[in-house]
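Undergrad: build me a model from this:
(chains A and B)
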Amino acid sequence: MGIPVAMISAIYELPLTTGANRVVRGARIEHVCGDPSLGPEKDFEYGLRITRTALKALQTPVDKPTLFNPADMPPVREAVHAS
Amino acid sequence: MRLELGSFPVRDIVFSNRTRWHDGVLEVDARALLEEVRADSRITVAELELARPGESIRIWPVRDAIEPRVKVEGPGVAYPGICGRPIDTVGQGRTHRLAGMSLVEVSEVLPHDAGGDYNSIFYDMSGPWADAIPMSKLLNLCFLVEADSSLTVLDQNDAVHRATLLLADKLAATTVGLEPPEREVFELKPVDPALPRVVYMPCLHSAQAMSGNATNAFFCTTTTYGLSQLSAPWILHPNEVLDGAITGPYRIASSWHMANNPILLELYRRHGIDLNFLGVIAIRTEWTTMHEKELMCLQTAKIAKMMGAQGAIVAWDAGGNEFLEVIHTVRACEREGVKAVLLTTEDDPTGDAPTLLEPLPEADAIVSAFIPGTPYPGMAPVDGVPMLPPMERVIGSPTRLTGPVRDEVIASGGPLLPPRYNDTYGFGRLSGVEY
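TA: Alright, predicted model coming up:
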């Protein structure tokens, strides 16, 4: 059993081939959990999407090294932004 | 493309009131040469000292080492493109070289100011570290050079390296008009089509990502014709490499190393004998997404296949995530049907980790060029840690910074750990074996 781990990595092939179970595709080596070139709002949204993907990965049963792609996640809007 | 390389052996270097090469002795008028260097007002320190093989000397910090070369026939200049030099395609005609020596750029100037890439290389002229590196067998004319620290790091880089190249040019110019005592002709003539067709793939680190600035990466590390940016694979004729088309300061990969690259020379000398040397594909490394890294590898393999390669020698110059481009190039080549041999140092084998960052089954032919961290023969424990012995004299800075946050000052001439050894050029006599 143990504690599930999701690893966010820009160079995701490396953890996959070396046996990490849940790997989340990060942005770039320089900024794994976001992209400052998008501007503050979109950067935050992108980072949130990556983080949510990691949380989803933690709850997903896997039997081999598996890649989770934030692009596959539905877009997120925080409740405070809902009108 | 035909290149004649004329060698002028240097058996001794003496300081003199003129600069000339005569009968194996290089006379150096330090005063006159340094006066020309100081004409660049950015230069604050300019001195010359000599280190001979076997002496108890440590040279610190080493930024680059250059073998003086000059083109006496054919287009372009030796070491083209870097620091604003002409970019005409080199590799033809005749080039003269001063053999058995190097001009060592000894400077505290960092390659960029983004952190991470610190000066780490020193040469010992005797002892265990000297035994491991080719530079200790050379007469090293050490050029101590610093630039105005109020300048940007980029300008400091330009100033000190331009000054070193100026000196190298002046020294090499002593051979112009003289008949070289030794000559070797390099030409990729058509050969027996049955011979196996081989390419050489040096992987060259780019500091673009780490420096955070493509302009900073203009010449602060190993360049191709002056460029070190992340860029698509470079197809080079081996003659271009012999004329210094791959040049610049970067850790153990000095300009001297690249121009004297034993893999390239060995492939060349066996061309038409037991193999068909097709050329060089130089690959930039330290791209920062999987997309970019993998694309470079696939494209490199494609180019090799288009060139008709059946075999590739893949070697690199760095450490860390750059290894993905390296090992994935091996994989991509193998999948294209191009057999690939990887020449690499290994990672520290402690902690049950694999000795390669990403071991892939396609990398089934690996030449190990040492496991950094392994003590060299002759190192003795200091406080329980095997260290290189102290040297009597330091050429360069008497102190260096160390520690996790680089706030500890230690004597550079004292017992030290050796620099990480990334000689994947074939100079070394060290290897890693399983037993």
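Undergrad: CA only for contacts and neighbour counts going forward, please
TA: Fine.
Undergrad: helix, strand or coil for B:L154?
TA: Of the three states, B:L154 takes helix under DSSP: H, G, I helix; E, B strand; the rest coil.
Undergrad: show me what counts as buried in stretch B:233-251.
TA: Residues B:233, B:236-251 are the ones in stretch B:233-251 that count as buried (16 or more other Cα atoms under 10 Å in any protein chain shown).
Undergrad: so which strand or helix has the residue in the stretch 101-250 of chain B positioned nearest to chain A?
TA: The nearest approach of the stretch 101-250 of chain B to chain A comes at B:A209, 7.5 Å away (Cα to the nearest Cα). Using DSSP states H and E, B:A209 maps to helix B:208-211.
Undergrad: return the list of helices and strands in contact with that helix.
TA: Based on contacts counted as 3 or more Cα pairs under 8 Å, 6 or more residues apart in numbering or on different chains; DSSP states H and E, there is no element that helix B:208-211 packs against.
Undergrad: next SSE after that helix?
TA: Sequence order places strand B:223-224 as the next helix or strand after helix B:208-211, per DSSP H and E.
Undergrad: contacting residues around the next helix or strand after that following strand?
TA: Heading C-terminal from strand B:223-224, the first helix or strand you meet, by DSSP H and E, is strand B:234-236. For strand B:234-236, contacts defined as Cα atoms under 8 Å, 6 or more residues apart in numbering or on different chains pick out B:279-283.
Undergrad: of the residues you listed, closest to A:L48?
TA: B:I283 (34.9 Å; Cα to Cα).
Undergrad: just to check, the closest one is in contact with B:Q229?
TA: No: at 11.1 Å, B:I283 does not count as touching B:Q229 under the criterion of Cα atoms under 8 Å.
Undergrad: hang on, the earlier thing: for the helix holding B:A209, output the C-alpha coordinates as CSV.
TA: Taking Å, rounded to 0.1, in the frame of the first residue of the first chain, the C-alpha atoms of helix B:208-211 are listed here in CSV:
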residue,chain,number,x,y,z
GLN,B,208,20.8,29.3,-22.9
ALA,B,209,18.2,27.8,-20.6
MET,B,210,20.3,28.1,-17.4
SER,B,211,21.4,31.6,-18.2
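Undergrad: ok so, going back, from the buried residues of stretch B:233-251, which land in strands?
TA: If you go by DSSP state E, those have B:236, B:246-247 in strands.
Undergrad: count the residues that sit near B:V160.
TA: 31 (other Cα atoms under 10 Å in any protein chain shown).
Undergrad: oh sorry, the question was meant for B:G84
TA: By other Cα under 10 Å, 12 other residues sit near B:G84.
Undergrad: what of A:P4?
TA: When neighbours are counted by other Cα under 10 Å, A:P4 registers 12.
Undergrad: show me the contacts for the nearest residue to it once chain neighbours are set aside.
TA: Excluding its sequence neighbours, the residue lying closest to A:P4 (Cα to Cα, 6 or more residues apart in numbering or on different chains) is A:L58, at 5.9 Å. Shown in contact with A:L58 (Cα under 8 Å, 6+ apart): A:4-6, A:22.
Undergrad: kindly recompute the last result at 10 Å.
TA: Neighbour list for A:L58: A:3-7, A:21-23, A:52 [criterion: Cα atoms under 10 Å, 6 or more residues apart in numbering or on different chains].
Undergrad: closest to chain B out of those?
TA: Out of those, the member with the shortest distance to chain B (by Cα to the nearest Cα) is A:V23, at 13.2 Å.
Undergrad: so how far is B:N261 from the closest one?
TA: From A:V23 across to B:N261, the span is 40 Å (Cα to Cα, to the nearest Å).
Undergrad: what's the burial count for the spatially closest residue to B:N276 that is not a sequence neighbour?
TA: Spatially, and ignoring its direct neighbours in sequence, B:N276 is nearest to B:R197 (4.6 Å; Cα to Cα, 6+ apart). Residues lying near B:R197 (other Cα under 10 Å) number 20.
Undergrad: wait, isn't B:R197 in contact with B:I273?
TA: No: counting by Cα atoms under 10 Å, B:R197 sits too far from B:I273 to count as a contact (11.7 Å).
Undergrad: pull up the residues of chain A that are close to chain B.
TA: A:9-18, A:25-32 (Cα under 10 Å from any Cα of the partner chain).
Undergrad: just the buried ones from these?
TA: Here, 16+ other Cα under 10 Å leaves A:9-16, A:25-29, A:32 buried among those.
Undergrad: what residues are up against B:W60?
TA: B:105-108, B:119-124, B:142, B:144, B:394-400, B:412-413.
Undergrad: and if we set it to 8 Å?
TA: B:106-107, B:121-123, B:394-397, B:412.
Undergrad: just B:P111 next, same as before
TA: B:117-118, B:153-154, B:157, B:220-221.
Undergrad: that one: what secondary structure?
TA: Assignment for B:P111 (three-state DSSP): coil.
Undergrad: cool, and B:G6?
TA: Classification of B:G6 using three-state DSSP returns strand.
Undergrad: and what of A:L55?
TA: helix.
Undergrad: can you pull the contacts of the nearest residue to it once chain neighbours are set aside?
TA: Excluding the flanking residues, the one nearest A:L55 by Cα to Cα, 6+ apart is A:A6, at 7.7 Å. The contact partners of A:A6, by Cα under 8 Å, 6+ apart, come to A:21-24, A:54-55, A:57-58.
Undergrad: the residue of the stretch 101-250 of chain B closest to chain A: neighbour count?
TA: 19.
Undergrad: now do the same contact list for it.
TA: A:30, B:286-288.
Undergrad: out of the residues you listed, which are buried?
TA: B:286-288.
Undergrad: which of those fall in strands?
TA: Judged by DSSP E, strands contain none of these.
Undergrad: okay, B:G226: pLDDT?
TA: For B:G226, the pLDDT comes out at 92.
Undergrad: actually B:P389, not the one I wrote
TA: Note for B:P389: predicted pLDDT of 96.
Undergrad: so who does the residue nearest to A:Y12 when sequence neighbours are not counted touch?
TA: Using Cα to Cα, 6+ apart and skipping the chain neighbours, the partner closest in space to A:Y12 is A:R25 (5.9 Å). By Cα under 8 Å, 6+ apart, the contact list for A:R25 reads A:8-12, A:50, A:67-70.
Undergrad: and the most centrally placed residue in chain A, backbone torsions?
TA: What sits nearest the mean C-alpha location of chain A, by Cα atoms, centre = their mean, is A:I50, with 3.2 Å. The phi/psi pair for A:I50 (degrees, to the nearest 10) reads phi -60, psi -40.
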